[in-house]
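Participant: Quick check, what structure comes out for this input:
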Amino acid sequence: MISVKEAFQKFRSGLELTEREQNDASRRQKDIRGYMDECFHVQRDFLTGSYKRWTKTKPLKDVDIFFVLGEDERPYRAKHPSVLLSRVEGKLVEKYGRDCVKCQRRSVSVEFGVAGEDERVLSFDVVPAYDKDHHYEIPDTNSKTGWTDTDPEIHAEKATAANKAFGGEWKGMVRMIKRWNVEKGKPVRPSFLLEVMALDLLRPPFGGDYPYEFESFLSSAAARIHEEWPEPARLGPPVSDIMATADKDQAKSALQQASDSAREAINLGRQGQNGEALKAYRRLFGDLFPLS
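Facilitator: Reported below is the predicted structural model:
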């Protein structure tokens with residue numbers, strides 16, 4: 001029978017992108033980038049978000065593409081952000097169809113249908129942006145000014161540093177934590193909030209025992225979910241700003257229940273009940289967690 005450690009290692013590997021997924025993502029994002037370059041004066045574009053940071057879980061959704069607009073598109077900056085987003089939305093509708101395109105708070109989403117057995121990429125978020133000093137600003141229809149400062153490159157740098165300090169296990173841990181969140185109906189929103197919390201709560205060095213690291217994270221996250229969690233670059237609004245107090249209450253309950261379940265699974269393993277421990281972890285993480 002597979003050991004708990006081996007099961008977690010297999011689970012972590014199973015959440016990594018397959019070659020087919022990488023190829024599919026590459027083909028589709030190149031198609032979007034090429035089309036946006038035809039429709040707008042794009043100074044440069046790049047992949048960002050959890051996909052770029054290798055903290056995205058499956059199925060692959062909301063892969064972020066940042067489009068830094070050039071001076072020809074600067075007049076949109078003087079208008080309400082919805083004008084720019086609507087313009088981007090309209091162009092993407094022309095290519096991908098009304099049913100596949102949706103305008104969001106800070107971006108425009110392009111959907112590619114449902115996941116198959118190979119878990120291909122489902123959607124991309126097109127994020128228009130402008131250079132501002134040494135960072136960027138993007139439209140934000142929920143903010144008072146209509147625009148939000150951000151720097152996804154700082155986010156990526158902090159994730160890379162955290163992963164190195166944690167013995168190369170930080171990104172894998174974050175993917176597994178996010179998988180738990182998906183399995184339980186996303187009580188913590190956005191999923192990026194879990195990643196931001198992990199920057200503080202996954203304390204290096206990695207102890208070598210996944211269950212204890214998870215139990216510690218879940219317990220700490222439950223205790224601190226009501227705190228304000230700034231975005232890593234400390235330029236835009238807090239990542240935790242979309243959750244109301246009632247949402248955080250529910251998230252705390254889910255995190256604490258998960259912590260208790262992880263502790264029970266650890267105790268089963270201590271008692272030599274390896275099979276029951278594996279089943280307990282599967283109840284936490286879903287069918288992607290291996291039993292053999």
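Participant: Every contact and neighbour count from this point should use C-alpha atoms.
Facilitator: Fine.
Participant: Now do the same for residue 48: its pLDDT.
Facilitator: For residue 48, the pLDDT comes out at 82.
Participant: Show the contacting residues for it.
Facilitator: Residues in contact with residue 48 (Cα atoms under 8 Å, 6 or more residues apart in numbering) are 63, 64, 65, 66, 152, 153, 156.
Participant: surely the fourth one meets residue 42?
Facilitator: If I follow you right, that is residue 66. No: with contact defined as Cα atoms under 8 Å, residue 66 does not reach residue 42; the gap is 10.1 Å.
Participant: can you pull out the helices in the protein?
Facilitator: Listed in chain order, the helices of the chain (DSSP state H) span 4-14, 19-39, 49-53, 81-96, 152-165, 170-183, 191-201, 210-224, 245-270, 274-285.
Participant: right, and the ones you listed - which one's nearest residue 129?
Facilitator: helix 81-96 (10.0 Å; Cα to Cα).
Participant: coming back round to it: need the helices of the chain in JSON lines with distance to residue 141 and mean neighbour count, can you?
Facilitator: Listed next are the helices of the chain as JSON lines, based on distance: least, Cα to Cα, whole Å; neighbours: other Cα atoms under 10 Å:
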{"stretch": "helix 4-14", "distance to residue 141": "36", "mean neighbour count": "17"}
{"stretch": "helix 19-39", "distance to residue 141": "21", "mean neighbour count": "14"}
{"stretch": "helix 49-53", "distance to residue 141": "19", "mean neighbour count": "19"}
{"stretch": "helix 81-96", "distance to residue 141": "6", "mean neighbour count": "18"}
{"stretch": "helix 152-165", "distance to residue 141": "19", "mean neighbour count": "18"}
{"stretch": "helix 170-183", "distance to residue 141": "26", "mean neighbour count": "23"}
{"stretch": "helix 191-201", "distance to residue 141": "19", "mean neighbour count": "20"}
{"stretch": "helix 210-224", "distance to residue 141": "28", "mean neighbour count": "19"}
{"stretch": "helix 245-270", "distance to residue 141": "21", "mean neighbour count": "18"}
{"stretch": "helix 274-285", "distance to residue 141": "34", "mean neighbour count": "20"}
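Participant: weakest of these by average pLDDT?
Facilitator: By mean pLDDT, the lowest-scoring of those turns out to be helix 49-53, with a mean of 73.
Participant: helices or strands next to it in the packing?
Facilitator: Judged by 3 or more Cα pairs under 8 Å, 6 or more residues apart in numbering; DSSP states H and E, helix 49-53 is in contact with strand 63-69, helix 152-165.
Participant: What separation do you get for residue 90 and residue 256?
Facilitator: Noted for residue 90: a distance of 44 Å to residue 256, by Cα to Cα, to the nearest Å.
Participant: cool, and residue 24?
Facilitator: Residue 24 is 37 Å from residue 256, by Cα to Cα.
Participant: Check residue 91 too.
Facilitator: 45 Å.
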